[in-house]
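Undergrad: Here you go, sequence then predicted model.
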Amino acid sequence: MSTSLTPDAAQQDIAARLERLPMSRWQVMVRLAIGVVTFFEAFDQLLIAYTLPVITKEWDISAAGTTLTLTIGSIGMLLGAYVSGWAADRVGRVKVISVCVALTAACSLLMAGCTSLLPFLVLRFVQGFAIGGEVPTAAAYISEISRAHRRGRFVLFYEIVFPAGLAAGALLAAWVIPHWGWRALYLFAAVPGLAAVLLQRRIPESPRWLASRGRYEKARATMDLIEERVRRASGAELPEPSAPPAPSVPETEPSAQVPVRGSLRDLFTGRYRRRTLVIWTIWFVGYLANYGITSWLPTIYKGVYDMSLSSALWYSTMASVAGLVGCVLAALLVDRVGRRGIVVGGLGGTTAMLVVLAVLGAGAPWQLAVWSSLAAMFNFAVNISLYLYTPELYPTRARALGCSMGGVMNRLGLIVGPLLVGLVYGGGTQLSAVFLLLSVFTLAGAVVAGLFAEETAGRALEEVSP
């Protein structure tokens, strides 16, 4: 890449070189390294739902304290998601991911030693801040090193590590808490701190991001390194870069005038306005339903059906495992049926399962287990697809910010969902009212996605979002 190229031409050249890379062990290695980190971030996120029944009794936490304990981490995640987008678009994706991982691990270690609620809540807030920052930044990074061909499968098989972490956290909690206590879980969750060192040393920065920041020499050197690693991993010479697809930019939006530094205004300019409003709606609705269901399941099983703690935890794992199945199905189908098809179908399926739960009334624990698990399967398929879909909707200069703002809406949903369920469930209303309320939100999300969502499958990032 010549330094005499114009900014647009330099960025297009980097994109063309990335698009020609065949799948190899190098991409798999990067996906695995980032995936291990994201796995533990997910593990940390859901631990509070499974340790809450124990620490509530141990520290004599009130109903208000229980709700605060459930939501304080989500508030931190909301702020972390917002801040990480600005930071990742300015200092780089890999640096932000590494800092967030180290912070998450440190908080887990300290939480294991807490003996009262207040320091636990402070640490949970900080940990949530780090988790909220890592997840959307990692999604932007993985998308930027992917090519258009089968990008959906490549990205979603990375993203599956998040629900896998949720499922692993649920299964491990069900076994560890009755035997070793809740503190052992937080000690185990501190393991990924070592991954922060690996990330800084072994994972290259996104060449697309470097080029978007005007660092063309560094982008070229990084691409040279990546191409050499792919060449060695594949054992074959790389094909010549082909001309990237021409961006579909109207004359009123010439790409030459696009600034190097992205801003919040970019998310509401031209074509991006509708995309932002649609994707924010889906993020909010998807995670409101997700966390509204899963965060309260252990407490509902124990309180409504008078189950033992061990049984309540094992029943609760069914939703997480079913959610993992939904994520695998989404990864296998997303390049065939498209992003829009997965989102609309998943929200529609979630709505149907919640309505069935509302009608049946969940009179027995097995009914709640079966239908909540099916709802989770559809819901997780939607939510994991958003980590693929959102980065595709924004240009490189504002991609991490776009992902992080989606993460903000995600966290708003995580906060509002448990609060709504707690308000209705705590008010002594039948469980059917809880599920009916959640179904109203998911139905609204399905309608918005069906009418306004744009399809991005099979298109290079620079074609979709110049």
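TA: On my side now, so go ahead. All figures in this text were calculated on a predicted structure; none of them were measured in a lab. Numbers count the residues shown, from 1 in each chain.

Undergrad: what mean pLDDT would you report for the helix or strand where Leu357 lies?
TA: Assigned by DSSP states H and E, Leu357 falls within helix 309-360. If you average the pLDDT over helix 309-360, you get 89.

Undergrad: Phe157: neighbour count?
TA: Phe157 has 16 neighbours, counted by other Cβ atoms under 10 Å. All C-beta spots, glycine's among them, are computed from the backbone N, C-alpha and C.

Undergrad: ugh, wrong one, I meant Leu185
TA: 22.

Undergrad: Repeat that for the one 4 residues further on.
TA: Using other Cβ under 10 Å, the number of residues around Ala189 comes to 26.

Undergrad: Please name the nearest non-neighbouring residue to it.
TA: Spatial nearest neighbour of Ala189, chain neighbours left out: Ser108 (4.1 Å); criterion: Cβ to Cβ, 6 or more residues apart in numbering.

Undergrad: and after the host helix or strand of the one you found, which helix or strand comes next?
TA: Assigning secondary structure by DSSP H and E places Ser108 in helix 93-111. Moving toward the C-terminus from helix 93-111, the next helix or strand (DSSP H and E) is helix 117-144.

Undergrad: Show the subsequent helix or strand relative to that following helix.
TA: Beyond helix 117-144 toward the C-terminal end (DSSP H and E), the next one is helix 151-159.

Undergrad: So for that following helix, what gets flagged as buried?
TA: Going by neighbour count (16 or more other Cβ atoms under 10 Å), the buried part of helix 151-159 is 151-159.

Undergrad: Could you list every helix and strand in contact with the helix or strand hosting Tyr425?
TA: Taking DSSP H and E as the criterion, Tyr425 maps to helix 399-426. Where contact means 3 or more Cβ pairs under 8 Å, 6 or more residues apart in numbering; DSSP states H and E, helix 399-426 is packed against helix 63-91, helix 117-144, helix 272-294, helix 365-392, helix 431-452.

Undergrad: go with 10 Å
TA: With contacts taken as 3 or more Cβ pairs under 10 Å, 6 or more residues apart in numbering; DSSP states H and E, helix 399-426 sits against helix 63-91, helix 93-111, helix 117-144, helix 207-212, helix 272-294, helix 297-304, helix 365-392, helix 431-452.

Undergrad: one step back: of the buried residues of helix 151-159, closest to Thr66?
TA: Glu159 (30.4 Å; Cβ to Cβ).

Undergrad: need the contact list for the closest one.
TA: 31, 35, 38, 135, 138-139, 142, 327, 330-331, 383-388 (Cβ atoms under 10 Å, 6 or more residues apart in numbering).

Undergrad: that older thread, can you give me how far the helix holding Leu357 is from the chain middle?
TA: How far helix 309-360 lies from its chain's middle: 15 Å, per Cα atoms, centre = their mean, to the nearest Å.

Undergrad: That helix versus helix 431-452: what angle between them?
TA: Here the directions of helix 309-360 and helix 431-452 differ by 70 degrees (axes from the mean of the first three to the mean of the last three Cα atoms, to 10 degrees).

Undergrad: which helices and strands does helix 309-360 pack with?
TA: Partner elements for helix 309-360 (3+ Cβ pairs under 10 Å, 6+ apart): helix 25-58, helix 151-159, helix 161-180, helix 272-294, helix 297-304, helix 365-392, helix 431-452.

Undergrad: Now Arg340: closest residue in space, sequence neighbours ignored.
TA: Using Cβ to Cβ, 6+ apart, the nearest residue to Arg340 is Ala453, at 4.5 Å.

Undergrad: Would you report the backbone torsion angles of the one you found?
TA: Per-residue torsions, Ala453: phi -70, psi 140 (degrees, to the nearest 10).

Undergrad: tell me the mean pLDDT over the helix holding Ser108?
TA: So the average pLDDT for helix 93-111 ends up being 88.

Undergrad: now for it, which elements pack on it?
TA: helix 25-58, helix 63-91, helix 117-144, helix 183-188, helix 193-202, helix 207-212, helix 399-426.

Undergrad: close enough to count as contact, Ile75 and Leu419?
TA: No - with contact defined as Cβ atoms under 10 Å, Ile75 does not count as touching Leu419 (11.1 Å).

Undergrad: pretty sure Tyr425 contacts Ser295?
TA: No - look at Tyr425 against Ser295 with Cβ under 10 Å: they stay out of range, at 11.2 Å.

Undergrad: Have a look at those two and say which one is more surrounded.
TA: Ser295 (23 against 19).

Undergrad: Lowest-scoring secondary structure element of the chain by mean pLDDT?
TA: For the chain, counting by mean pLDDT, DSSP states H and E, helix 193-202 ranks last in confidence among helices and strands (a mean of 69).

Undergrad: That'll do, ta.
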